[in-house]
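Q: how does the following fold in three dimensions:
(4 chains)
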There are 4 protein chains.
Amino acid sequence: MKNVAILGASGYTGAELVRLIAGHSDLHIAALAAHSKAGMEMADVFPHLRHLDLPQLTKVEDVPFDTVDLVFAALPHGLSQALVRDLPDRVKVVDLGADFRLRDPAAYETWYGAPHVAVELQKTAVYGLTEFYRDDIANARLVAGTGCNAAAVQFALRPLIPGGLIDLDDIICDLKNGVTGAGRAAKEHMLFAERSTDVMGYAQGGTHRHLGEFDQEFSSLAGRPVEIQFTPHLVPNNRGILATAYLKGDAEACHAALRSQYDSEPFVQVLPFGKIPGTGHVAGSNFCHIGVSSDRISGRVMVVSALDNLCKGSSGQALQNANLMLGLPETQGLMAAPIFP
Amino acid sequence: MKNVAILGASGYTGAELVRLIAGHSDLHIAALAAHSKAGMEMADVFPHLRHLDLPQLTKVEDVPFDTVDLVFAALPHGLSQALVRDLPDRVKVVDLGADFRLRDPAAYETWYGAPHVAVELQKTAVYGLTEFYRDDIANARLVAGTGCNAAAVQFALRPLIPGGLIDLDDIICDLKNGVTGAGRAAKEHMLFAERSTDVMGYAQGGTHRHLGEFDQEFSSLAGRPVEIQFTPHLVPNNRGILATAYLKGDAEACHAALRSQYDSEPFVQVLPFGKIPGTGHVAGSNFCHIGVSSDRISGRVMVVSALDNLCKGSSGQALQNANLMLGLPETQGLMAAPIFP
Amino acid sequence: MKNVAILGASGYTGAELVRLIAGHSDLHIAALAAHSKAGMEMADVFPHLRHLDLPQLTKVEDVPFDTVDLVFAALPHGLSQALVRDLPDRVKVVDLGADFRLRDPAAYETWYGAPHVAVELQKTAVYGLTEFYRDDIANARLVAGTGCNAAAVQFALRPLIPGGLIDLDDIICDLKNGVTGAGRAAKEHMLFAERSTDVMGYAQGGTHRHLGEFDQEFSSLAGRPVEIQFTPHLVPNNRGILATAYLKGDAEACHAALRSQYDSEPFVQVLPFGKIPGTGHVAGSNFCHIGVSSDRISGRVMVVSALDNLCKGSSGQALQNANLMLGLPETQGLMAAPIFP
Amino acid sequence: MKNVAILGASGYTGAELVRLIAGHSDLHIAALAAHSKAGMEMADVFPHLRHLDLPQLTKVEDVPFDTVDLVFAALPHGLSQALVRDLPDRVKVVDLGADFRLRDPAAYETWYGAPHVAVELQKTAVYGLTEFYRDDIANARLVAGTGCNAAAVQFALRPLIPGGLIDLDDIICDLKNGVTGAGRAAKEHMLFAERSTDVMGYAQGGTHRHLGEFDQEFSSLAGRPVEIQFTPHLVPNNRGILATAYLKGDAEACHAALRSQYDSEPFVQVLPFGKIPGTGHVAGSNFCHIGVSSDRISGRVMVVSALDNLCKGSSGQALQNANLMLGLPETQGLMAAPIFP
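A: Numbers count the residues shown, from 1 in each chain, chains lettered A, B, ... in the order given. Have a look, this model is predicted:
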């Protein structure tokens, strides 16, 4: 039995970690930290976890890190850097935030507007897209969870980048996102009344921070700079990202490359050619569904991926990585089927 | 490992059974039957189950019952009677429909409009409200799952009936129901466009068939006829019943009785006095939350219960009963935390 | 053409007033005031009003009250008292908040937790339930709009109070409310993610402030103290209150009394006996639908009313009252049909 | 006062026509026809229209066409051809279906799978995109309403086609659609439970019938064949299409062209450069909002349009055209502001 602590346990990704770990036989939640809600019982912060025997929420500084094997840091962007730097070396860390995703400090500063304060530590962080960094993750002390959009798009595109299958200068990704990606902070535009009958784009024009991850990963895969066009949209749904990628290439070859890549992956399902996934079919789970379609216009490919942003896009990915880092079976606690309806 | 068959696998309760059993280590799905969708792959009928290795849907008559230990019958009302009658005696049955809920054949005919065709078999059926019929269920060959509304209301009221805690002649239950209780049949008034901005009562005036269960159970508990007033309402939500019971009695005494009844139950949580549950906090799970409040008007009690109609109200209850019938731990496959948000 | 000002124009009831007045041929919006959003264009605060030629939002103190015939005050509770007291006498006021609803200063202090600061003015205020205070409203300088729940319940019950039709000591009202009644303030529990799959009661136990209105109005009608039991519930919907009243009396006599009361009312529709309304059928409109059902238990009556809390329950009611106060046709600008789906 | 008949009044576009015409001072609904619901009262088919004095639903053959000035045909595709052919010449027709949209009979047969049965009549039909065919519509006897997707995309793209502003060989349109576009037919995949937590693409690969309209209109505008790539997606919302067009060209020039085109249009609002619309801000109205954004990748343009598929995309457009055909003010009955929230 390994002891874990969850920092940022009053947010949605924190609660999702608790939900997942509650069904995991080799992990024990030793501490739950939250800033403004420290001192509260988890049953009052998240009543759906009432049946669990959980520690009271504490401040981060009161977490007994010396008894903890692994820390999940589900903190607002910017708060992990100094915190992780100051943890004992023996404590492993899965950071669900953005602080350690970008290997280039200059890129970090560009996208996040402030210099990185733990540059040496950043050099040791492994990018947390499990299916592509599995071995490095197993040996890492610090893993940087990907952005949820970044995960959805990379599952669709990574296998297509290296082999010349698609035009790398003309990649357009249109995302339809559930609202939980925005977190639990009380904001006017995230009220039920504002979102329940509205569909709108945001961060248009190439300003979304997850572009930093795409630039880093796709350029590295291609061996030359690759920039994609990427626009997320908010839809009236809680969980789920549907990423529609508009590409130029041969659709059947793309489908074959995806099938080949994911053939033995437990969590990634490539649908039969021509079938397209829906977010409703992965909600509440660690699965990712991918579909490929051609178009009446020859040379066009549409690749669509669907995943649950809170699970496969964040907390499920984090647990999958923690399993590897702790020497446990990768799929442990993660095989629950999606919930539908 | 026990072999089970699910009849009616193309409906929501059928799919929920598959989802739950997929995480159960001692049950194997040997057959899935569905009428109009026989011949289809489950992945095409319910894409969220695509990752599972499941048998193709067949007709009921093609199920190899001789290899099956237990049958879950999730069929439209009326179809189970003859079917179960003709099964080999060694096959245990959990019926999720209404066919065997009412012990009195006359009551069955009154509420369901046709005579029962398996009256002898009916005499042997055990009512499937696990927390109150646990020993009988463990020894039963045939268990009749309760109505989902019937479960929600009984969890709130049963402990209050026998001891003179409430006025038995003045029980009003107002339910707010998610739409999945209506099943997957394509009906105009269940379209997204019809339900998504509407809240409406239905089966008003004491015409809902689940009243037959209330009459049977509450009268039996009280030792004299008890009739409750009961009106369900449809709200724009998938899963969940919130049952608000308006009672006359002492609120703290009622709370104490509920606490005492459910103290050691794994799935029923009685909230601190004055706290009221929400359906969002039990969705996707086998848990039931119950809250009690007094009123500014002395002598009034409000008891509110929340459960997921597809899980604790139907398929989760069915699995809980099947575990008992097969000598397995009662909670096996059922301890997953609710999904929120 | 009459000039009106809307104070609190950045909230939902403020925007609803603008929407309604935009289709009114005899009113002109001379000023829009909002506290924290003063200085902004309405098109940026409410993009759905972009096509209208509206004044910029200002602070209340910058409204040119000398050019205004009538003020709609859609302010948070407590802010109207001193403000209205200090307005020129010639300016008429419709207050959509709670400040002037309760005629008894002691009752105000009980329910709102602070003494009233404009007691003399309060004595002149007319309660704004148009269908029952029509003549007084036409002659009033200050009209106090009702609570939205208070409107929904009173439409269902007022005609039944005076004639001995129902047991006045046993009135239970269970409400299912859309979320816009909670306003536009950014609160965690009103986020889309929190509300979209949850149904929960609130203000249970007789603590909701609208009870002050019920006590005042029903006791006055009955000529003796009347207290009702009243619990609202939040459902995943934007607009609409469904008020289910559980009563004791003769259902057909109640239906006849409601039919008689509302026979010539343009906005209140009493459905055929046994039919029950839904909130989806009044959304976006100033209509109220009322249905009556008996029960299998003799002597029980269920009266259900449905209205749009933002329109008939607040801003539509306010405009209806303003029409009367300004000598305009009562229904002007208010006859638009509900939006469905 | 002109008499109109609505054929297909039991569907969503039929009900929307009734809603709009109820607020129109120069039109009178003389007949409502519906196939399977003939004989019913409109209040039972659409309870939100209960307050209106409407004719009973009849069969089409019982409509007194000799007293009717204009017919709105909101029928399933294929049923209008013979029907309109056999109407008296003096009766004007706005067809909301697809039967007369495609001028080339071969194109019709390709997209709709059957030969056109009223080819001569088709030659006289005017395409109903009011803002671009205004004069022809005013003089037409038969106007063919556009597809709702076709309207949303054409408002975004038409002004950009002729002037060489964008690359005509690389137009990608990704749509997010509310469910009412699928109509009121009871289909399993349109149930609330199926749609409320799912986002999925459909008609992928260039198979959607509205492509026939795009091919016809854009090729005609360009003077050479133009084919666009177009994929709609279903989102959990009732009303609204958000059309995101990914283009190659100069974003500011595109914005200027759209501003210039729509400057004096009453229903089309072009947002400030860089601002993007949402469907929530046009719901229930005849307005269309259009936004333009550049991208970090130079030479990319994103044009986004939002409209209500039932109103501006169908019934509102139909009424706008009917106004022109009958010599009434074009905006009559159509200026109501959108409903938000």
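Q: for A:D104, which non-adjacent residue is closest in space?
A: What sits nearest to A:D104 in space, not counting adjacent residues and going by CB to CB, 6 or more residues apart in numbering or on different chains, is A:Q216, at 7.0 Å. (C-beta placed from N, C-alpha, C; glycine too.)
Q: ok, now A:F214?
A: Using CB to CB, 6+ apart, the nearest residue to A:F214 is A:I228, at 5.3 Å.
Q: distance of the one you found from D:A34?
A: 49 Å (CB to CB, to the nearest Å).
Q: more crowded one of these two?
A: Of the pair A:I228 and D:A34, D:A34 is the one with more neighbours under other CB atoms under 10 Å in any protein chain shown, namely 23 against 20.
Q: my read: that one touches D:V45, true?
A: Yes. Assessed by CB atoms under 8 Å, D:A34 is found in contact with D:V45 at 7.3 Å.
Q: who in the stretch 101-250 of chain A is up against chain D?
A: Proximity of the stretch 101-250 of chain A to chain D, by CB under 8 Å from any CB of the partner chain, involves residues A:170, A:172, A:174, A:176, A:193-194, A:196-202, A:204-207, A:211, A:227, A:229, A:231, A:233, A:235-240, A:242, A:244, A:246.
Q: one step back: okay, and the common contacts of D:A34 and D:V45?
A: Common contacts of D:A34 and D:V45 (CB atoms under 8 Å, 6 or more residues apart in numbering or on different chains): D:9-10, D:57.
Q: only alpha carbons, please: show stretch A:172-185 as PDB.
A: Extracted in PDB, the C-alpha atoms of stretch A:172-185 (Å, rounded to 0.1, in the frame of the first residue of the first chain):
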ATOM      1  CA  ILE A 172      -6.900  22.600 -38.100                       C
ATOM      2  CA  CYS A 173      -8.300  21.400 -34.800                       C
ATOM      3  CA  ASP A 174     -11.800  22.400 -33.700                       C
ATOM      4  CA  LEU A 175     -12.700  21.300 -30.200                       C
ATOM      5  CA  LYS A 176     -16.100  21.000 -28.400                       C
ATOM      6  CA  ASN A 177     -15.500  21.100 -24.700                       C
ATOM      7  CA  GLY A 178     -17.400  20.400 -21.600                       C
ATOM      8  CA  VAL A 179     -17.300  23.000 -19.000                       C
ATOM      9  CA  THR A 180     -15.500  21.200 -16.200                       C
ATOM     10  CA  GLY A 181     -12.200  22.000 -18.000                       C
ATOM     11  CA  ALA A 182     -12.700  25.500 -16.600                       C
ATOM     12  CA  GLY A 183     -12.500  24.300 -13.000                       C
ATOM     13  CA  ARG A 184     -14.700  25.100 -10.000                       C
ATOM     14  CA  ALA A 185     -13.900  28.800  -9.600                       C
END
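Q: buried residues of it, list them for me.
A: A:172-184 (16 or more other CB atoms under 10 Å in any protein chain shown).
Q: between those residues, which is nearest chain B?
A: Nearest to chain B among those: A:T180, at 5.8 Å, using CB to the nearest CB.
Q: and that closest one, how far is that from chain C?
A: 5 Å (CB to the nearest CB, to the nearest Å).
Q: same check, this time on A:V303
A: 28 Å.
Q: returning to that earlier point: pick out whichever of the shared contacts of D:A34 and D:V45 sits closest to chain B.
A: Nearest member of these to chain B, counting by CB to the nearest CB, is D:S10, at 9.7 Å.
Q: the closest one: which element?
A: Under DSSP states H and E, no helix or strand contains D:S10.
Q: which among the residues of the stretch 101-250 of chain A next to chain D end up buried?
A: A:170, A:172, A:174, A:176, A:193-194, A:196-201, A:204-206, A:211, A:227, A:229, A:231, A:233, A:235-240, A:242, A:244, A:246.
Q: low-scoring stretches of the stretch 1-150 of chain A, by residue?
A: For the stretch 1-150 of chain A, no stretch has pLDDT under 70.
Q: got phi/psi on the residue nearest to A:R141 when sequence neighbours are not counted?
A: Nearest residue to A:R141, sequence neighbours excluded (CB to CB, 6+ apart): A:K92, at 5.5 Å. The phi/psi pair for A:K92 (degrees, to the nearest 10) reads phi -80, psi 160.
Q: over to A:N3?
A: phi -90, psi 130.
Q: how close does it sit to A:K37?
A: 22 Å.
Q: and A:P329, by the same measure?
A: In terms of CB to CB, A:P329 sits 33 Å off from A:K37.
Q: more neighbours: which of these two?
A: A:K37 (17 against 11).
Q: where exactly do the helices run in chain A?
A: Taking DSSP state H as the test, the helices found in chain A are A:12-21, A:42-45, A:80-85, A:105-112, A:119-124, A:130-138, A:148-157, A:192-195, A:210-222, A:251-262, A:316-325.
Q: for the ones you listed, give me a markdown table that also has distance to B:A15.
A: Below are the helices of chain A laid out as a markdown table (distance: least, CB to CB, whole Å):
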| stretch | distance to B:A15 |
| --- | --- |
| helix A:12-21 | 21 |
| helix A:42-45 | 30 |
| helix A:80-85 | 40 |
| helix A:105-112 | 42 |
| helix A:119-124 | 45 |
| helix A:130-138 | 27 |
| helix A:148-157 | 25 |
| helix A:192-195 | 28 |
| helix A:210-222 | 33 |
| helix A:251-262 | 24 |
| helix A:316-325 | 21 |
